[in-house]
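S.K.: Provide a 3D model corresponding to the input given below.
(4 chains)
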Protein chains: 2
Amino acid sequence: MTNFKDDSSQYLISTVSKRSGVKSDLVRAWERRYQAVTPTRTAGGHRVYTDQDIARLKLLNQATSSGHSISQIARFSLDQLKKLLQHDPSITLPDPNNTVLLTGERKFLAEDYVEKCYAAVLAFDAKMLESHFENAIVELGSQSFIENLLTPLLTKIDKHRKSGELRPVHEHMASAIIRSLTYILRNNNPCSEHAPRMIVSTPIGQIYELGALLAAIIAELKGWQVTYLGADLPAEEIAVAVKYTNARAVTISISFSNDDHIIPKEIRRLRKLIGNNVALIVGGRSAAYYEAVLDEVGVVKIQSYEHFRQILDELASANAAAL
Amino acid sequence: MTNFKDDSSQYLISTVSKRSGVKSDLVRAWERRYQAVTPTRTAGGHRVYTDQDIARLKLLNQATSSGHSISQIARFSLDQLKKLLQHDPSITLPDPNNTVLLTGERKFLAEDYVEKCYAAVLAFDAKMLESHFENAIVELGSQSFIENLLTPLLTKIDKHRKSGELRPVHEHMASAIIRSLTYILRNNNPCSEHAPRMIVSTPIGQIYELGALLAAIIAELKGWQVTYLGADLPAEEIAVAVKYTNARAVTISISFSNDDHIIPKEIRRLRKLIGNNVALIVGGRSAAYYEAVLDEVGVVKIQSYEHFRQILDELASANAAAL
DNA sequence: ACAAGCTTTACAAAACCTTGACAAAAATTG
DNA sequence: CAATTTTTGTCAAGGTTTTGTAAAGCTTGT
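M.R.: Presented below is the predicted three-dimensional model:
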């Protein structure tokens, strides 16, 4: 997976100076004397800084002007500096342990975010929720964000809505924000021309589209070229899209089991229309409910995110072999 | 098979220079020194640029004039550049270079894009469509993008779907992509704490949400703090959201006139629930159809984008005065 | 033919770099 | 408390890199 923490932006010293408020000469002096920042260099020797460096210098600047000695704090981490400025006149224990996020810690981090996000939903604070989401995406990466934060959060919201603690409008608000994040979640994925193609949608009558959307994003992260069609589409339309794009797979999400006679009919029709050479993948909360039909027409049922990714890999390699 | 030759449009360097605001000599220098763009060539050796190249140069131009070093950012992707400028607290100058682009030219440009985008929809080429959209947002800016490109395009798509040239799936595909662009369209707007608040949604039974989404974006660009709730919400839920957020206005979009008895009922209920101190704004293709009810309960009817913006300004200043 | 392109070479202003020095402020010591 | 170090911010000199612009001479295309 691509490293999300890449310092996509790089600045020269004058910009850094303007932004951080520390004069260029001083920036260099702090580097020379205490390695307060350690910029990379261009081929010609010019210093190149990251956003982090700027943040760091900003904090160092504040700290020194409020009395701290630069030689003492120059090597503090960002977090330490923040703390330092919070409890202003107090002494913070030097704890230069740089935290490396292990998988376990990351999971804990995600759980922490779930709580914070749920609190924002409960308070109906859209801005706060969005802000948490944005931070979480950067910290966790797209995949972990979806699997360890979004999915548990949606489950939690659904549960509390059913129990009456939340109203439908809470869920709507959260959905709207999540959908608006699509762009960031899929970002940076210049998929190749030869990537296998997939159609993602939701059968007619299924309005709750978030599951399908997340499936589409996961497939994209896996290198597929996905065409996402949104919700509530008849089988014919999905089949047409398959033809147009020459897709190798169709993924549909089934979240509710309202009209029990419509879904099976649509599934059968879809299989008939797309033929047997196109993989039909079904996921969603209520997919299990239709097991009979799914087995009948030969559908791959998604058991878990891990399973979905595995399916995608298998299909992709089968597809590559067929070429 | 799909025509991937991107024949869409090709420009010579003088055109590129005018549109992007970067002098011809400099465009060549950037190419020679940093491969900032890599145009193809005609048989005779003249450089041939694409829309993407223009968007790229435009962004590079902005980035350099806000302090970034060209050598550092020349090879950034479009997405990276956008992020760079979004995260940039520097002055987002209203494009002094683009005084060249008169309103008329800009309109022509938008029309050009409408054609290209429609062609992509017709070819069911989601990737191409998205790429055109991204370039157009950079070139036109959010507001012009929505008003001069998106709106005509959606009208055109709707017309051709009704006439049978397009299928519903074409429209779904386009909608899905447009929705995924929400994030770019609204970004850049760190609205203040004291901004007036607004709820945007679609009444129950109304699934087509794009109009509401665009209204929400426009209001945000105007400095409002908008909570977008998505489609298909009962009046009670909308009213609850108003209470939670202490919103001063509610905007709802009505695109279809299916169940003629439900909408009026919902409108009346909504007015009753939110009281008379909250502005109720209604737009959408089919809003005129319900004129009787709208007048009865005191609704502001949106006549045009210009009108909508005017309403927003009036409400905002009335709100500010009341504080 | 003539405007618009292309390449190469050059140039100069602006921005950086390093080294080394210096004085005010802060800390330490006698 | 005064004298002595240390720490810190600033500056200057002299050299290099980056970057926008331009001129010269030739080619392309309408």
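S.K.: quick one, strands of the stretch 201-323 of chain A?
M.R.: A:225-228, A:249-253, A:279-283, A:300-301 (DSSP state E, counting those that start in this stretch).
S.K.: out of those, deepest packed?
M.R.: Compared across the strands of the stretch 201-323 of chain A, strand A:249-253 shows the largest average neighbour count, a mean of 27 (mean count of other C-beta atoms under 10 Å in any protein chain shown). All C-beta spots, glycine's among them, are computed from the backbone N, C-alpha and C.
S.K.: relative to strand A:279-283, how tilted is it?
M.R.: Orientation check (axes from the mean of the first three to the mean of the last three C-alpha atoms, to 10 degrees): strand A:249-253 against strand A:279-283 gives 20 degrees.
S.K.: CA-only coordinates of strand A:249-253 in PDB, if you can.
M.R.: The C-alpha coordinates for strand A:249-253 follow below in PDB (Å, rounded to 0.1, in the frame of the first residue of the first chain):
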ATOM      1  CA  ALA A 249     -16.800  -8.800 -12.500                       C
ATOM      2  CA  VAL A 250     -19.900  -7.300 -11.000                       C
ATOM      3  CA  THR A 251     -20.200  -6.500  -7.300                       C
ATOM      4  CA  ILE A 252     -23.500  -5.700  -5.800                       C
ATOM      5  CA  SER A 253     -24.400  -4.900  -2.200                       C
END
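S.K.: and residue A:206, backbone torsions?
M.R.: Per-residue torsions, residue A:206: phi -110, psi 100 (degrees, to the nearest 10).
S.K.: pull the contacting residues for it.
M.R.: A:231-232, A:253-256 (C-beta atoms under 8 Å, 6 or more residues apart in numbering or on different chains).
S.K.: before we move on, what about residue A:282?
M.R.: A:251-254, A:267, A:290, A:294, A:299-302.
S.K.: looking at these, spot the one nearest DNA strand C.
M.R.: Nearest to DNA strand C among the contacts of residue A:282 is residue A:251, at 45.4 Å by C-beta to the nearest atom of the strand.
S.K.: and the closest residue in space to that closest one that isn't next to it in sequence, what's its pLDDT?
M.R.: Closest residue to residue A:251 apart from its sequence neighbours, by C-beta to C-beta, 6 or more residues apart in numbering or on different chains: residue A:281 at 4.3 Å. Note on residue A:281: pLDDT of 96.
S.K.: which one of the contacts of residue A:206 sits in the busiest neighbourhood?
M.R.: Ranked by the number of neighbours (other C-beta atoms under 10 Å in any protein chain shown), the contacts of residue A:206 place residue A:253 first, at 27 neighbours.
S.K.: that one touches residue A:283, doesn't it?
M.R.: Yes - in this structure residue A:253 lies within contact range of residue A:283 using C-beta atoms under 8 Å: 5.4 Å.
S.K.: what touches both of those two?
M.R.: A:211, A:215.
S.K.: tell me the pLDDT at the residue nearest to residue A:231 when sequence neighbours are not counted?
M.R.: Spatial nearest neighbour of residue A:231, excluding adjacent residues (C-beta to C-beta, 6+ apart): residue A:209 at 3.7 Å. With respect to pLDDT, residue A:209 scores 89.
S.K.: same thing with residue A:81?
M.R.: According to the model, residue A:81 carries a pLDDT of 80.
S.K.: can you give me the helices for the stretch 151-300 of chain A?
M.R.: A:151-162, A:168-180, A:182-186, A:210-221, A:235-245, A:262-274, A:291-297 (DSSP state H, counting those that start in this stretch).
S.K.: distance to chain B and mean neighbour count added to the ones you listed, as TSV?
M.R.: Shown next, in TSV, are those (distance: least, C-beta to the nearest C-beta, whole Å; neighbours: other C-beta atoms under 10 Å in any protein chain shown):
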stretch	distance to chain B	mean neighbour count
helix A:151-162	11	16
helix A:168-180	4	22
helix A:182-186	4	21
helix A:210-221	9	24
helix A:235-245	4	21
helix A:262-274	12	19
helix A:291-297	21	14
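S.K.: which stretch in the ones you listed has the least confidence?
M.R.: helix A:182-186 (a mean of 88).
S.K.: name the residues that touch that helix?
M.R.: Contacts for helix A:182-186 (C-beta under 8 Å, 6+ apart): A:134, A:137, A:142, A:145-146, A:213, A:217, A:220-221, B:179-184.
S.K.: 7 Å - rerun?
M.R.: Applying C-beta atoms under 7 Å, 6 or more residues apart in numbering or on different chains, the contact partners of helix A:182-186 are A:137, A:142, A:213, A:217, A:220, B:180-181, B:183-184.
S.K.: ok, the residue of chain A most remote from its centre to residue A:85 distance?
M.R.: The centre of chain A is farthest from one residue, residue A:67, which by C-alpha atoms, centre = their mean lies 40.5 Å away. Distance, residue A:67 to residue A:85, by C-beta to C-beta, to the nearest Å: 11 Å.
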